[in-house]
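> build the 3D model from these lines:
(one chain, ligands or ions: 1)
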Amino acid sequence: MELAGIKLNNPVMVASGTFGNGKEYADLIDIEKLGAIITKSISLNPREGNPPPRICETPSGMLNSIGLQNDGLKVFIDEHLKFLSKYKVPVIVNIAGETDQECVELAKALSKEPTVKGLELNISCPNVKQGGMQFGCSPTGTEEIVKAVRKATDLPLIVKLSPNVTDIVQIAEAAVSAGADALSLINTLLGMAVDVKERKFKIARKVGGLSGPAIRPVAVRMVYQVASAVKVPVIGIGGILTLDDALEFFMVGASAVQVGTGNFVDSKTALNIIEGLKSYDLNDIKGCLL
Ligand SMILES: Cc1cc2nc3c(=O)[nH]c(=O)nc-3n(C[C@H](O)[C@H](O)[C@H](O)COP(=O)(O)O)c2cc1C
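Now for the predicted structure:
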């Protein structure tokens, strides 16, 4: 199938940050069966991430505060991309910069790599120029960064939206008017958890990103709202563990889905959903509730 100019093996991908850069899962599952691999967010320079503890379990979900730890662009291209180039699986690279310029440089460099079939722009990271506020929290911040990256690349551009906003439709429309070819949503929801015996926060940075089945109803609602409002394809993400979970997203208008936390529960989660989808005609299901 094709989505926004990217040829996918099928409509089920693995979400950024939950599948490493492919290597971690290549011995566990046949990664060529995946619709696509979205790699862990990369920045220009390596990032150490946040201090531990940075993950904890919560009811039907988990909180993480990894802090975009990654090896930086050079190691990503020389090692991780080289590894993935051996497999027949589309690679979509998730980029996260702290300034428009950093995202532009990442997009330019990755556009020269034949293994990269598309970019996913993570606009949930803090914009240092705007005092740490996330790019994706305001329509103007979203429009500026998407416009800049759009100019820097001819690769299909997916913009990944944060749910931590007042009106996701406004942000989605800003991303599309600035040139996004597709939208993916949602990233994690801001949350906190307290260890009541120890009287301290369970995550060193106090605040973390909530993911897993706990966020699925929020994600389904947002995908429904955005798919009703925009013409570009929408990729649904949030708490997908089973075929039925994925079907919920297709029915409210998603053209494809991504499995995130589900990969930690069972490395075969995405493959099981792909297998299950074979008995459905997606054209019949897609958007039937819009
Ligand atoms: C441990 C962890 C690390 C993540 N790292 C990233 C990341 O680097 N970039 C990004 O865009 N999203 C990242 N995410 C968000 C996921 O890609 C996904 O949007 C979110 O977890 C919701 O989907 P899920 O409920 O299926 O996990 C991360 C999520 C988790 C749990």
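> pLDDT score assigned to the closest residue to the ligand within the chain?
With C-beta to the nearest ligand atom as the measure, G17 is the residue of the chain nearest to the ligand, at 1.9 Å. Any C-beta I mention is one placed from the backbone N, CA and C, and that applies to glycine too. pLDDT recorded at G17 is 96.
> need the three-state assignment for it.
At G17 the chain is in coil, as set by DSSP: H, G, I helix; E, B strand; the rest coil.
> surely it and I66 touch.
Yes - with contacts counted by C-beta atoms under 8 Å, G17 reaches I66, the gap being 6.7 Å.
> more neighbours: which of these two?
With neighbours defined as other C-beta atoms under 10 Å, G17 and I66 compare such that G17 has more, 24 against 17.
> quick one: contacts for the residue nearest to the more buried one when sequence neighbours are not counted?
Nearest non-adjacent residue to G17, counting by C-beta to C-beta, 6 or more residues apart in numbering: K40, 5.1 Å away. In this structure, K40 makes contact with 16-17, 19-21, 70, 94, judged by C-beta atoms under 8 Å, 6 or more residues apart in numbering.
> repeat for A227
Each residue near A227 by C-beta under 8 Å, 6+ apart is listed here: 234, 252-254, 287, 290.
> cool, and I6?
With contact set as C-beta under 8 Å, 6+ apart, I6 has these partners: 36, 90, 92, 117-118, 156.
> any chance of the residues you listed in TSV with pLDDT as columns?
Listed next are those as TSV, based on pLDDT from 0 to 100:
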residue	pLDDT
A36	98
P90	98
I92	98
K117	98
G118	98
P156	98
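> helices along the stretch 151-290 of the chain, start to end?
For the stretch 151-290 of the chain, helices defined by DSSP state H, counting those that start in this stretch occupy the ranges 168-177, 216-229, 243-251, 262-265, 269-277, 282-285.
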